[in-house]
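A.B. asks: make a model of this:
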Amino acid sequence: MNSVFEFEKQVDRLRKKIEELKKSKRFDERVIAEIEEKFKSKIKEFYESLTPWDKVQLARHPNRPHSIDFIKSVFEDFVELHGDRHCGDGKAIITGFAKFEGEPVCIVAQEKGRDTKEKMERNFGMPVPEDYRKAVRVMKLAEKFGKPIITLVDTSGAFPGIDAEEHGQSEAIAYSLFTMAGLKVPVVSVVIGEGGSGGALAICVANILLMLENAVFSVISPEGCSAILWQSQDKVKEAASALKLTAKDLLELGIIDEIIPEPVEGAHRDWETTFENFRKYVKKHLEELKRLSPEELVAQRHQKFRKM
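C.D. replies: Got it, this is the predicted structure:
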């Protein structure tokens with residue numbers, strides 16, 4: 001897998017040197033093994049010391065698994081539902097029903113798209129009002145049939161275009177927030193990449209809010225913050241630090257409930273381990289939530305967000 005960012009390239013250069021040493025046969029296997037162990041230790045230290053801006057880049061990594069990858073690999077028998085029953089069918093949010101660990105669940109997932117064609121079709125993962133109204137419709141359907149809801153968050157933000165505003169973007173987001181707050185079924189939300197402002201919050205008013213280790217969640221992007229506060233794009237690193245947008249920051253602030261660990265070098269390096277960790281953590285929390293009555297689920301959710 002090709003490296004994209006400079007900090008990845010530094011690691012790959014070291015990895016390449018070790019491979020060259022192994023091929024040269026100048027050292028015995030014991031020495032090579034010691035070098036590899038030290039390398040693994042250094043890699044772990046290196047990734048644990050990444051800056052918030054580095055984390056933003058990892059959250060946006062082009063090879064990172066997207067929502068559609070989680071749906072295909074973690075869930076079974078997925079049936080997609082389309083349309084908001086008002087005027088359209090947004091493509092930035094995927095909705096439907098599937099089986100998770102053998103149990104029927106509702107899925108609401110933001111999808112950015114992988115290549116240029118997909119990105120344009122998915123509106124680069126920026127939902128329009130039709131997306132949010134579709135999500136609300138399907139979540140109400142899940143509530144009607146008593147099925148848990150799992151949402152996957154990965155968006156830079158809601159689409160800010162004129163058409164979206166004319167179609168009631170702010171109302172659609174607000175109604176999604178209102179609806180999710182009162183759902184009488186378990187709701188687990190997972191930020192798998194970017195959690196951009198209200199566009200992300202609109203589908204994560206949940207009983208349990210999780211984040212992948214290298215995901216980010218913020219009221220504004222570092223680029224936007226830098227432009228507003230410093231009238232420049234040169235302060236994105238400072239902005240990323242000030243925003244407290246990493247999973248570790250948000251856990252300490254009490255915004256999220258738990259961090260789902262990623263492989264040492266990020267989710268993009270090992271999809272299968274990422275999917276397995278996702279299964280483990282989501283299943284654990286769903287099992288806990290199933291013990292609560294519908295009224296207790298709503299009360300827990302209200303209390304959770306009032307404390308923030």
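
A.B. asks: from now on I want contacts and neighbour counts done on CA atoms only, so please keep to that.
C.D. replies: Noted.

A.B. asks: where in this protein is pLDDT low?
C.D. replies: Residue ranges of the chain with pLDDT under 70: 1-7, 21-22, 25, 27.

A.B. asks: centroid residue for it?
C.D. replies: Centroid-nearest residue in the chain: residue 192, 1.8 Å away (criterion: CA atoms, centre = their mean).

A.B. asks: wasn't that residue part of a helix?
C.D. replies: No. According to DSSP: H, G, I helix; E, B strand; the rest coil, residue 192 belongs to no helix; its state is strand.

A.B. asks: tell me the contacts of it?
C.D. replies: Residue 192 sits next to 59, 66-67, 152-154, 211-212, 215 when contact means CA atoms under 8 Å, 6 or more residues apart in numbering.

A.B. asks: how far away is it from residue 90?
C.D. replies: Remark: distance between residue 192 and residue 90 (CA to CA, to the nearest Å) = 20 Å.

A.B. asks: name the nearest residue to residue 265, sequence neighbours excluded.
C.D. replies: residue 47 (6.7 Å; CA to CA, 6 or more residues apart in numbering).

A.B. asks: which residues of the stretch 51-200 of the chain fall in strands?
C.D. replies: Assigned by DSSP state E, counting those that start in this stretch, the strands in the stretch 51-200 of the chain fall at 76-81, 93-100, 103-110, 149-155, 187-196.

A.B. asks: can you put those in TSV and add distance to residue 164?
C.D. replies: Shown next, in TSV, are those (distance: least, CA to CA, whole Å):
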stretch	distance to residue 164
strand 76-81	21
strand 93-100	15
strand 103-110	17
strand 149-155	16
strand 187-196	17
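
A.B. asks: those: which one's closest to residue 231?
C.D. replies: Of all the strands of the stretch 51-200 of the chain, it is strand 187-196 that lies closest to residue 231, at 20.5 Å by CA to CA.
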